[in-house]
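Visitor: any chance you can model this:
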Amino acid sequence: MALIGRILVILVAIVLAAVVAGIVAAAGVLDSITHSFGANESFFYWGTASVVSAFALAVGFLPLVILIAVTEAFNVRAFLIYAFGGALLMLAGYYASGAPGLYEESIDRPPPLLPREAEVAAAAGAAFGTVYWIIAGRRAGQWRRQG
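Guide: Reported below is the predicted structural model:
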C-alpha cells in the first residue's frame, strides 16, 4: 500500500513540477511583454506555459522515470542533485529537440557561451527539480521502511 501511495505522490509531483517549469520558461522567454499584461498577453503567456509544460512531460518522461527509479532505489534526497538533474534533463531535451542554432554572428564580440534559450531551459529544469524535490524528493526511498 505504501508503494501505491508513493507512486501517486510521484505522479502528482511530476505534473506540478512540469507546470512550474512551464511558468518559469514562459517568464524567461516572454520577459519583454510581461510588464504590461493585457488580455492578449495573458493568453499568450499561459499558452506558452502550457506548451512548455507539455513539452517537458513529453520529452523528458522516460529519462525522468529512470532518474526517479534510481533516486528511490539509492535514497537520494539532496536538493542540489534534484535541481542540477532537472537542469541537465531540460538542457538535454532542449538540445535534442533541434532548436539550437540561432547564434548571432558579429565581428565586434564573440557569440555567447550559452544562448538565452538554453539559459531559460536550464532555469526551467532547475525549477522542475526543485518543485519535485519539495513534493516527493525529500522522502525518496522511505516507503520501503514503512511497509
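Visitor: mind checking what helix or strand follows the helix or strand that A49 is a member of in sequence?
Guide: Assessed by DSSP states H and E, A49 sits inside helix 39-73. Next helix or strand after helix 39-73 toward the C-terminus (DSSP H and E): helix 79-96.
Visitor: list the buried residues in the helix or strand that contains E117.
Guide: Assigned by DSSP H and E, E117 belongs to helix 116-135. Using 16 or more other CB atoms under 10 Å as the test for burial, helix 116-135 gives 118, 120-133, 135. Just so you know, the C-beta spots here come from the backbone N, C-alpha and C atoms, and that holds for glycine as well.
Visitor: now do that helix against helix 79-96, angle only.
Guide: Calculated by axes from the mean of the first three to the mean of the last three CA atoms, to 10 degrees, helix 116-135 forms an angle of 140 degrees with helix 79-96.
Visitor: which helices and strands sit right next to helix 116-135?
Guide: Applying 3 or more CB pairs under 8 Å, 6 or more residues apart in numbering; DSSP states H and E, one finds that helix 116-135 makes contact with helix 2-29, helix 39-73, helix 79-96.
Visitor: change it to 6 Å
Guide: helix 2-29, helix 79-96 (3 or more CB pairs under 6 Å, 6 or more residues apart in numbering; DSSP states H and E).
Visitor: give me the mean pLDDT for the longest one.
Guide: Yep, that's helix 2-29 we're talking about. Averaging pLDDT along helix 2-29 yields 90.
Visitor: identify each buried residue in that helix, please.
Guide: Applying a neighbour-count criterion of 16+ other CB under 10 Å, one finds 6, 10, 13-14, 16-29 buried in helix 2-29.
Visitor: just to revisit the earlier point, please convert the helices and strands packed on helix 116-135 to a markdown table, extending it with distance to S50.
Guide: Converted to a markdown table, these look like this (distance: least, CB to CB, whole Å):
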| stretch | distance to S50 |
| --- | --- |
| helix 2-29 | 6 |
| helix 79-96 | 16 |
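Visitor: nearest to A56, of those?
Guide: Among those, helix 2-29 comes nearest to A56, with 4.7 Å by CB to CB.
Visitor: list the contacts of the nearest residue to A122 once chain neighbours are set aside.
Guide: Closest residue to A122 apart from its sequence neighbours, by CB to CB, 6 or more residues apart in numbering: A87 at 4.5 Å. By CB atoms under 6 Å, 6 or more residues apart in numbering, A87 lies in contact with 122, 125-126.
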